[in-house]
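>>> Compute the structure for the input listed below.
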Amino acid sequence: NYSRHLTGRRPGEAPPTLLDYMPDDWLFIADESHITVPQLGAMHAGDHSRKLKLVEGGFRLPSALDNRPLTGEEVWERVPQAVLVSATPGA
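Numbers count the residues shown, from 1 in each chain. As a prediction, the model looks like this:
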């Protein structure tokens, strides 16, 4: 929960992820994208809500909030090209 201190990142800065090691021209493919894409942002929101309660209760240091999933915006900043597929009519 305290990787920010070990990596020298600033508070609020995105944590390192597997996406940081992908080549510059990699292709993101999302099947059932009408479900997958909203989940990208929801992962961050759910994690933040849970950890915020722990920080507010004194069970974690505030820096624990920085060890988190990427926000939806941060994910798309790291995706150079994408194919979004959905077989659900009208979605």
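>>> what residues are up against the residue nearest to the spatial centre of the chain?
What sits nearest the mean C-alpha location of the chain, by C-alpha atoms, centre = their mean, is Leu70, with 1.8 Å. Residues in contact with Leu70 (C-beta atoms under 8 Å, 6 or more residues apart in numbering) are Ala14, Pro15, Thr17, Leu19, Leu40, His44, Arg78. Glycine gets a C-beta too; all of them are placed from N, C-alpha and C.
>>> Before we go further, Leu84 is sitting in a helix, right?
No: using DSSP: H, G, I helix; E, B strand; the rest coil, the secondary structure at Leu84 is strand, not a helix.
>>> For this protein, just list every one of the helices.
Assigned by DSSP state H, the chain shows helices spanning 3-7, 33-56, 72-77.
>>> looking at the ones you listed, which is buried most?
Counting by mean count of other C-beta atoms under 10 Å, helix 72-77 has the highest mean neighbour count of those, with a mean of 15.
>>> centre of the chain versus stretch 11-26, how much separation?
10 Å (C-alpha atoms, centre = their mean, to the nearest Å).
>>> ugh, wrong one, I meant stretch 78-90
Relative to the centre of its chain, stretch 78-90 is centred 18 Å away, using C-alpha atoms, centre = their mean.
>>> How about that stretch, which residues are buried there?
By 16 or more other C-beta atoms under 10 Å, stretch 78-90 has no buried positions at all.
>>> Please apply the same query to stretch 56-67.
Within stretch 56-67, the residues that count as buried by 16+ other C-beta under 10 Å are Arg60, Ala64, Leu65, Asp66.
>>> which helices and strands does the lowest-mean-pLDDT helix or strand in the chain pack with?
Within the chain, no helix or strand scores below helix 3-7, which has a mean of 86 by mean pLDDT, DSSP states H and E. Packed against helix 3-7, as judged by 3 or more C-beta pairs under 8 Å, 6 or more residues apart in numbering; DSSP states H and E, are no other helices or strands.
>>> any low-confidence regions in this structure?
1, 88-91 (pLDDT under 70).
>>> if we go to 80?
1-2, 88-91 (pLDDT under 80).
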